[in-house]
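Visitor: prediction below, plus the sequence it came from.
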Amino acid sequence: MLPMQGGCWLCQIPLALPVQGLCSYCLRALPPLPLCCPRCGLPAGDALVPCGRCLQRPPPWQQLIAVSDYCSPLSFLIARYKFSGRTALSVMLARLILLSWLAARRQRGLPRPDLILAVPLHHQRAWRRGFNQADLLARSLARWLSCTYDPQALTRRRAALIQHRLGAQARKRNLRGAFQLEITVQDRHIALIDDVVTTGNTVAEVSRLLMRAGAASVQIWCLCRTL
């Protein structure tokens, strides 16, 4: 059971700064990522140089930043956030993404984004859920980093089948032409926010759209990268 606001979301100890969401002990206890490729975010031999997979077939984004693999306790918190309507978790989860990006920026020398975007939900799914989980994460990140955020910049043109129920090839077909860009992104460094990156097909489809429109670079920021 998740605690009331004011305590650590995991161990329930009272927090001096409740907005942080996790106590220092639980924050340090989050499972660290193994050594991962800075581009695709999958296990690799070097955290600064793209892996062999990316040298042969680079994804359409330039960098990927994740907090953790999709495992407990983040998988537990994300499930409560998305499917139980615990939107109060969004600030704490966004803070985890921010901390991971700041660490990656120091290590890799990443450009600060000019624009933050969230992977959109189709309006029917957003209506059923009551919110778009990536949108709430992006709002906090944009505010903390003083970046532009436009929740209407990306739209989902058509409803699609639920991605996690499909195989890899079906996921690709499911997303073709699913997104539309409503603003100009020429020469802008963009951070694209999603909660979980599994095969990467969703963020790849959006990244291709942004790069075709002239974006300078696209960084993927997520809570979990399924390894």
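Guide: All right, it came through fine.
Visitor: now the protein, which segments are flagged as low pLDDT?
Guide: Low-confidence segments of the chain (pLDDT under 70): 1-5, 158-174.
Visitor: all strands of it, in order?
Guide: Secondary structure of the chain by DSSP state E: the strands cover 63-68, 115-118, 148-149, 154-156, 179-181, 189-197, 217-225.
Visitor: which other residues reach the first one?
Guide: Put plainly, it is strand 63-68. Outside of strand 63-68, the residues within contact range by CB atoms under 8 Å, 6 or more residues apart in numbering are 30-33, 36, 38-41, 74, 96-97, 99-101, 104, 108, 110, 197, 217, 219-225. Bear in mind the C-beta positions are built from the backbone N, C-alpha and C, glycine included.
Visitor: chain center to the helix ranked longest in the chain, what's the gap?
Guide: Ranked by number of residues, the top helix in the chain under DSSP state H is helix 89-108. Here helix 89-108 is found 10 Å from its chain centre; the criterion is CA atoms, centre = their mean, to the nearest Å.
Visitor: next one: stretch 86-99
Guide: Here the centre of stretch 86-99 is set off from its chain's centre by 11 Å, with CA atoms, centre = their mean.
Visitor: for the remainder of this discussion, apply numbering that starts at 290.
Guide: In the new numbering, first residue 290, that becomes stretch 375-388.
Visitor: pull the CA atoms of it into PDB?
Guide: What follows is stretch 375-388 as a C-alpha-only set of coordinates in PDB (Å, rounded to 0.1, in the frame of the first residue of the first chain):
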ATOM      1  CA  ARG A 375      -1.800   8.000  -8.300                       C
ATOM      2  CA  THR A 376      -0.800  11.200 -10.100                       C
ATOM      3  CA  ALA A 377       0.900  12.500  -7.000                       C
ATOM      4  CA  LEU A 378       3.700  10.200  -7.900                       C
ATOM      5  CA  SER A 379       4.500  12.200 -11.000                       C
ATOM      6  CA  VAL A 380       6.700  14.800  -9.200                       C
ATOM      7  CA  MET A 381       8.800  12.200  -7.500                       C
ATOM      8  CA  LEU A 382       9.200  10.200 -10.700                       C
ATOM      9  CA  ALA A 383      10.100  13.300 -12.800                       C
ATOM     10  CA  ARG A 384      12.700  14.100 -10.200                       C
ATOM     11  CA  LEU A 385      14.300  10.700 -10.700                       C
ATOM     12  CA  ILE A 386      14.500  11.400 -14.500                       C
ATOM     13  CA  LEU A 387      16.100  14.800 -13.800                       C
ATOM     14  CA  LEU A 388      18.700  13.300 -11.500                       C
END
